[in-house]
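Enquirer: Structure for this input, please:
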Amino acid sequence: MVTTRIGLGFDSHRFVRGRPLVLGGVKIPFEFGLDGHSDADALVHAIIDALLGATGRGNIGERFPDTDPAYAGADSCTLLGEVWRELAADGWRVVNVDTVVVTSRPRLAPYVGPMRCRLGSTLGVAAERICVKPKTREGLPREIGLGGVAAEAVILLDCPRD
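Expert: Below is the predicted model of the structure:
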């Protein structure tokens with residue numbers, strides 16, 4: 001019997017000066033980075049939350065607290081890899097990952113391919129199983145998408161045993 005589960009994750013960070021912008025594990029040339037304890041990769045954080053939620057293992061803040069100096073400046077893909085290795089060891093497999101990244105700038109379309117490759121590599125699946133959809137704020141208030149980045153992820157997992 002195969003168990004199938006869906007997980008939903010969300011994260012957001014505001015822009016700050018003096019940090020690199022990292023999304024989907026890819027450094028993107030831009031005048032601002034994201035404010036956070038780790039590298040603040042909102043897309044990867046949303047995926048981690050989706051994985052943890054699908055498997056009933058809490059959330060990213062419980063797993064990697066921002067009060068722990070061990071995670072200061074951490075590469076979020078390293079954290080994703082840690083979570084994924086644990087889940088894969090328990091028999092979980094990624095069916096697909098679907099994400100939305102909301103920001104008005106910078107333009108993310110040129111980086112979608114590299115993001116998909118990095119995320120697929122970290123999760124041990126083909127990039128074709130990963131979807132990254134950049135969106136703009138389309139006239140919504142400044143706080144949404146102009147002053148930072150918001151990301152949402154949905155993940156479908158299966159496990160031959162549960």
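
Enquirer: can you map out the helices along the protein?
Expert: Under the criterion DSSP state H, helices of the chain are mapped to 42-54, 60-63, 76-89, 112-123.

Enquirer: Among the ones you listed, which comes closest to Ala150?
Expert: Nearest to Ala150, of all those, is helix 42-54, at 6.6 Å by C-beta to C-beta. Where you see a C-beta, it was placed from the backbone N, CA and C, and this is true even at glycine.

Enquirer: In contact with Arg116, which residues are there?
Expert: Applying C-beta atoms under 8 Å, 6 or more residues apart in numbering, we find Arg116 in contact with Gly24, Ala127, Glu128, Ile130, Cys131, Val132.

Enquirer: Out of the residues you listed, which sit inside strands?
Expert: Ile130, Cys131, Val132 (DSSP state E).

Enquirer: The second one: neighbour count?
Expert: Residues lying near Cys131 (other C-beta atoms under 10 Å) number 16.

Enquirer: and if you look at Pro160?
Expert: Neighbours of Pro160 under the rule other C-beta under 10 Å: 10.

Enquirer: quick one: it and Arg5, what's the gap?
Expert: Going from Pro160 to Arg5 by C-beta to C-beta, to the nearest Å gives 13 Å.

Enquirer: cool, Asp11 as well?
Expert: 20 Å.

Enquirer: of those two, who's got more company?
Expert: More crowded of Asp11 and Arg5, by other C-beta under 10 Å: Asp11, with 25 against 17.

Enquirer: still on that earlier bit, can you add pLDDT and distance to Pro65 and give the contacts of Arg116 back as a markdown table?
Expert: Formatted as a markdown table, the contacts of Arg116 follow (pLDDT from 0 to 100; distance: C-beta to C-beta, whole Å):
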| residue | pLDDT | distance to Pro65 |
| --- | --- | --- |
| Gly24 | 98 | 23 |
| Ala127 | 98 | 31 |
| Glu128 | 98 | 34 |
| Ile130 | 98 | 27 |
| Cys131 | 98 | 30 |
| Val132 | 98 | 27 |
